[in-house]
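**Q** Structure of the sequence below:
(one chain, ligands or ions: 1)
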Amino acid sequence: MLPTQARIVIVGGGIIGCSTAYHLAKFGCSDVLLLERAKLTSGSTHHAAGLVGQLRTSAGITQLLGHSIALYESIEEETGLATGWKMNGGLRLACNRQRMIELERQATTAHSFGLEMHLLSPTEARDLWPLMSIDDLVGAAFLPTDGQANPSDITLALAKGARMHGAALIEDCEATGVEAHDGRVTAVTTREGRIACEAVVNCCGQWAREFGQLAGVNVPLVSVQHQYMITQSIEGVKSDLPTLRDPDRLTYYKEEVGGLVMGGYEPNPLPWAVDGIPEGFSFSLLDSNWEHFEQLMALALPRVPALEGVGVKQLLNGPESFTPDGNFILGEAPEVAGYYVGAGFNAFGIASGGGAGKALAEWILGGEPPYDLWPVDIRRFGRPHGNIDWVRQRTHEMYGKHYTIAWPHEENASGRPFRRSPLYDDLKAAGACFGEKLGWERPNWFAPADVTPEDSYSFERQNWFAYVGNEHRAVRERVGVFDQTSFAKFMLRGPDAERALSWMCANDVTRDPGTVVYTQLLNSRGGIECDLTVARIDAHGYYIVTGTGFASHDFHWISTHVQPGLNVELTDVTDDYSVISVFGPRSRDLLASITTEPLDNNTFPFASVREIRIEGVSVRAVRITYVGELGWELHTPVGSARDVYGAVMAAGEDHGAIPCGYRAIESLRLEKGYRAWSSDLTPDHTPLQAGLGFAVKLGSNSPFLGREALVAQRQAGLTRRLACFTVDDQDVLLLGRETIYRDGERVGWLTSGGYGHTVDKSIGYGYVRNQAGVDREYLQAGRYELEVASRRFPADIHFAPLYDPRNERLRS
Ligand SMILES: Cc1cc2nc3c(=O)[nH]c(=O)nc-3n(C[C@H](O)[C@H](O)[C@H](O)COP(=O)(O)OP(=O)(O)OC[C@H]3O[C@@H](n4cnc5c(N)ncnc54)[C@H](O)[C@@H]3O)c2cc1C
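**A** Numbering: from 1, shown residues only. This is a model prediction of the structure:
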């Protein structure tokens with residue numbers, strides 16, 4: 001009999017659904033019901049190859065993968081069911097110098113996150129994998145704690161564990177819909193009846209998009225065919241053979257019953273089920289496509305000559321869900337409260353399954369992500385992700401790039417342009433080389449007339465370095481004009497707007513109209529969920545501006561943290577305003593020539609907002625910058641943006657103004673010490689640790705979300721602090737994730753890195769950790785080195801912004 005009620009209903013009995021059920025029940029929430037339309041494991045899970053790798057570019061996701069491994073090691077003891085887990089290590093090969101640099105950088109990332117990863121010579125690699133030819137190898141890397149497992153066995157062990165802890169798992173029962181009332185989940189429907197519930201978890205694998213649509217929830221993923229070949233046994237293939245990834249030859253390998261599994265990522269992936277997944281597709285495979293697989297075979301044979309004569313048991317073709325950024329999708333959907341998603345696993349769902357189920361269970365029970373999961377957070381998506389053609393194009397591009405070198409500053413090409421500022425054509429005519437963020441085209445840098453505005457990628461200084469340097473200096477010495485139209489912008493209106501924001505903002509927003517406040521919004525752990533500016537427009541209205549990529553996330557955070565009973569309305573006004581930013585010591589002179597409103601420090605001080613008129617247009621001018629110079633953001637009605645921009649640029653000729661891009665902003669903000677959310681600031685870091693104590697109202701009695709955690713942290717003392725480092729060696733390129741050593745001990749990693757064109761040095765920020773406490777004295781007493789691409793370089797630590805013009809200029 002189907003129950004009529006359960007606290008949490010999980011839909012989908014693959015590895016993700018079973019892992020989520022297991023963890024929820026294990027954490028004490030046994031009122032959990034899992035529904036599987038067919039049989040457990042009958043989706044993508046049953047045909048996975050079973051490689052379990054761990055290294056990702058985010059500490060949080062690497063931690064999540066580590067949880068999987070710990071679970072796969074222990075679950076057999078708990079349930080009596082084996083998982084086939086073996087820690088035989090993982091090898092990665094490099095066939096050219098640039099790939100080797102990538103491996104050296106990955107090894108440093110691994111060290112930063114506490115994973116062992118060794119660089120090997122070609123012969124050392126062959127000692128571990130004797131069947132391979134090493135003629136074209138430059139080097140390799142080895143992660144001893146990687147391994148492989150049997151996907152169906154793990155899933156059935158998790159299912160048994162879930163039942164042992166009290167969860168109910170029902171097969172042959174399809175969920176046909178989700179009911180919601182007042183924007184909150186109330187029930188899951190099936191043909192056998194309705195199950196009232198508080199929360200639903202969509203773990204439907206490649207069905208997750210269609211199932212999400214039934215409740216108006218967007219889960220941007222598409223199915224792609226993925227093939228691997230299973231051979232008969234091959235002499236010399238031992239059961240402890242490490243997994244092998246050969247990215248320059250687009251292929252991967254693992255041992256299976258004395259033979260090899262060999263698969264890969266072709267540049268021209270084949271879509272599947274474009275018009276919907278056929279009825280009854282369970283334990284099903286697609287037809288083997290030898291013609292398509294041949295390109296991978298041709299790359300594999302020179303590496304593993306033994307494949308030449310061996311018998312092939314099967315060329316397995318299984319569809320799997322892939323996403324537009326290659327990361328999976330986790331968390332509470334912004335569209336419906338109580339609707340959680342765990343889907344889109346991009347062919348690493350077995351590696352992620354244990355950790356993803358745990359994180360999702362903690363998220364559901366705790367009401368917020370348990371640690372920084374931003375790279376996989378469902379709220380990272382925005383407008384382009386609601387367009388299935390865009391999703392498919394971008395997903396195919398990412399699939400094809402699975403094994404290509406991940407270049408620093410690399411941009412994607414598909415689905416562009418998608419969203420354009422009204423200034424797009426003017427900027428293009430001025431030589432803009434555009435990057436893309438959440439579908440928006442944004443100038444990264446401007447090419448001189450005789451230079452093609454195109455990035456050329458490498459691990460050295462890239463072709464745009466000098467042009468960005470010129471833009472940087474223009475902002476420091478004269479004035480630079482930026483198009484920041486893509487900023488996410490919200491209005492919070494209503495009689496309780498002040499009360500609502502006071503509760504969720506760590507800084508004091510109870511200021512007079514006309515004031516702008518820089519603030520963080522914290523979770524219950526004191527971790528930073530949003531980092532934004534709040535401009536008070538009038539008694540009942542606040543204008544909130546945040547980063548382009550954080551539009552969905554921040555809107556969701558703010559709207560779900562208004563305390564019950566308060567009368568406010570939050571609207572997204574991003575499309576209403578263009579933002580033309582005029583930054584630099586001569587910005588005041590420039591603007592004074594096109595507006596009659598006073599711009600002096602008394603009338604228009606730092607951190608204030610005023611309406612001014614330019615070209616007869618009423619413009620919301622905000623005196624704030626992210627570059628550490630005098631400057632104004634001109635929030636201009638979209639329809640008048642070109643007129644205002646034209647006036648600014650024409651007047652700018654007398655002041656040496658030039659258009660500038662986002663890479664100059666990055667260089668400028670690093671010098672000034674401005675932090676960036678999602679790298680320097682995350683839900684795992686508090687403002688006290690991040691050096692933002694000045695923006696927290698702990699001195700007042702005003703209650704706010706996260707306050708208790710900050711008070712406790714202040715009393716206990718900090719065990720990590722964000723610090724600024726520079727490296728003198730001009731050949732060192734800091735990109736983020738480089739390891740920080742203090743007196744020879746590993747103490748953290750860089751959260752961001754880049755180059756400061758005024759100080760002429762590479763700059764990095766990162767948290768220095770020490771369980772016994774980190775204070776100024778501790779930081780000062782250390783001798784620092786940064787590990788960059790597996791080599792260590794001396795570094796200097798700094799306690800003040802590397803460049804701060806405030807004293808000379810802002811008070812002038
Ligand atoms: C060829 C291939 C090789 C792979 N190799 C690897 C690898 O080496 N390593 C690795 O980590 N990963 C690998 N993967 C990826 C891995 O298989 C998947 O990421 C993982 O299995 C996804 O699990 P899931 O639970 O999200 O989805 P699924 O296993 O597809 O489970 C979803 C379940 O939801 C059920 N369902 C759907 N709709 C409903 C509904 N309305 N009501 C009830 N139930 C519903 C389905 O029947 C299905 O059982 C590979 C995948 C393929 C295709």
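
**Q** Please work out the average pLDDT along whichever strand or helix holds Asp426.
**A** Using DSSP states H and E, Asp426 falls within helix 424-429. Along helix 424-429, the predicted confidence averages to a pLDDT of 98.

**Q** Quick check: next helix or strand after that helix?
**A** From helix 424-429, the next helix or strand downstream (DSSP H and E) is strand 432-437.

**Q** For that following strand, buried residues please.
**A** Applying a neighbour-count criterion of 16 or more other Cβ atoms under 10 Å, the buried positions in strand 432-437 are Ala432, Cys433, Phe434, Gly435, Glu436, Lys437. C-beta: built from backbone N, CA, C; applies to glycine.

**Q** which residue packs closest to the fourth one, ignoring adjacent ones?
**A** Sequence neighbours aside, Asn444 is the residue nearest to Gly435 in space, at 4.2 Å (criterion: Cβ to Cβ, 6 or more residues apart in numbering).

**Q** Find me the pLDDT at that neighbour, would you?
**A** The model's pLDDT for Asn444 equals 98.

**Q** and the strand or helix carrying Gly764, what other elements does it pack with?
**A** Element membership of Gly764 [criterion: DSSP H and E] is strand 761-769. Of the remaining helices and strands, those touching strand 761-769 by 3 or more Cβ pairs under 8 Å, 6 or more residues apart in numbering; DSSP states H and E are helix 662-672, strand 720-727, strand 739-742, strand 745-756.

**Q** strands paired with it, and their directions?
**A** In the sheet containing strand 761-769, its partner strands are strand 720-727 (antiparallel), strand 745-756 (antiparallel), by DSSP bridges.

**Q** Out of those, which gets nearest to the ligand?
**A** strand 745-756 (25.0 Å; Cβ to the nearest ligand atom).

**Q** in the closest one, what counts as buried?
**A** The neighbour-count criterion (16+ other Cβ under 10 Å) identifies Val747, Gly748, Trp749, Leu750, Thr751, Ser752, Gly753, Gly754, Tyr755, Gly756 as the buried residues of strand 745-756.

**Q** now these as CSV including distance to Gly280 and pLDDT?
**A** Formatted as CSV, those follow (distance: Cβ to Cβ, whole Å; pLDDT from 0 to 100):
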residue, distance to Gly280, pLDDT
Val747, 56, 98
Gly748, 52, 98
Trp749, 48, 98
Leu750, 51, 98
Thr751, 48, 98
Ser752, 49, 98
Gly753, 51, 98
Gly754, 53, 98
Tyr755, 57, 98
Gly756, 60, 98
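
**Q** Show me which residues of the stretch 101-250 of the chain are close to the ligand?
**A** Proximity of the stretch 101-250 of the chain to the ligand is confined to Pro151, Glu174, Ala175, Cys203, Cys204, Gly205, Gln206, Trp207, Phe211, His226, Tyr228 under the rule Cβ under 6 Å from any ligand atom.

**Q** And the residues you listed, which of them are buried?
**A** Neighbour-count burial (16+ other Cβ under 10 Å) applied to these gives Pro151, Ala175, Cys203, Cys204, Gly205, Gln206, Trp207, Phe211, His226, Tyr228.

**Q** now the last one, nearest residue through space, not along the chain?
**A** In space, not counting the residues next to it along the chain, Tyr228 is nearest to Gly263; the distance is 2.8 Å by Cβ to Cβ, 6+ apart.

**Q** Check which helices and strands the host helix or strand of that neighbour sits against.
**A** Element membership of Gly263, judged by DSSP H and E, is strand 259-264. Based on contacts counted as 3+ Cβ pairs under 8 Å, 6+ apart, the elements that strand 259-264 packs against are strand 222-231, strand 251-256, helix 290-300.

**Q** again, only using 6 Å
**A** strand 222-231, strand 251-256 (3 or more Cβ pairs under 6 Å, 6 or more residues apart in numbering; DSSP states H and E).

**Q** Check what pLDDT the residue lying closest to Glu116 once chain neighbours are set aside gets.
**A** Ranked by Cβ to Cβ, 6+ apart and with sequence neighbours excluded, the top spatial neighbour of Glu116 is Pro144, at 5.4 Å. Here the pLDDT value assigned to Pro144 is 97.

**Q** Buried by neighbour count: which residues of stretch 232-247 qualify?
**A** Neighbour-count burial for stretch 232-247, with 16+ other Cβ under 10 Å as criterion, is recorded at Ile234, Val237, Leu241, Pro242, Thr243, Leu244, Arg245, Asp246, Pro247.

**Q** Tell me the one among those nearest to the ligand.
**A** Looking at those and their distance to the ligand, the nearest is Thr243, at 8.4 Å (Cβ to the nearest ligand atom).

**Q** Show the pLDDT at that closest one.
**A** Turning to Thr243, the model gives it a pLDDT of 97.

**Q** in the sheet, who's paired with it?
**A** For Thr243, the beta-bridge partners under DSSP bridges are Gly90.

**Q** List the contacts of it.
**A** The neighbours of Thr243, taking Cβ atoms under 6 Å, 6 or more residues apart in numbering as the test, are Leu51, Gly90, Gln148, Lys254.

**Q** Tally up the residues packed near the residue of the stretch 401-550 of the chain at minimum distance from the ligand, please.
**A** Here the stretch 401-550 of the chain gets closest to the ligand at one residue, His402, 11.9 Å apart by Cβ to the nearest ligand atom. Each residue near His402 was counted by other Cβ atoms under 10 Å, and the total is 19.

**Q** Assumed Val609 was part of a helix.
**A** No. Assigned with DSSP: H, G, I helix; E, B strand; the rest coil, Val609 falls outside any helix and is strand.

**Q** Quick check: chain neighbours aside, which residue is closest to it?
**A** Leaving out its chain neighbours, the residue that sits closest to Val609 by Cβ to Cβ, 6+ apart is Ala535, at 4.3 Å.

**Q** For that neighbour, identify the helix or strand it belongs to.
**A** With DSSP H and E as the criterion, the answer for Ala535 is strand 528-538.

**Q** Quickly check: stretch 391-399 near the ligand or not.
**A** No. Using Cβ under 6 Å from any ligand atom, stretch 391-399 never reaches the ligand; the gap is at least 11.9 Å.

**Q** Using PDB, write down the CA coordinates of that stretch.
**A** Provided in PDB are the C-alpha atoms of stretch 391-399 (Å, rounded to 0.1, in the frame of the first residue of the first chain):
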ATOM      1  CA  VAL A 391      21.200  24.600 -23.000                       C
ATOM      2  CA  ARG A 392      21.800  22.000 -25.600                       C
ATOM      3  CA  GLN A 393      24.400  24.000 -27.600                       C
ATOM      4  CA  ARG A 394      26.400  24.900 -24.500                       C
ATOM      5  CA  THR A 395      26.100  21.400 -23.000                       C
ATOM      6  CA  HIS A 396      27.500  19.900 -26.200                       C
ATOM      7  CA  GLU A 397      30.400  22.400 -26.200                       C
ATOM      8  CA  MET A 398      31.200  21.500 -22.600                       C
ATOM      9  CA  TYR A 399      31.000  17.800 -23.400                       C
END
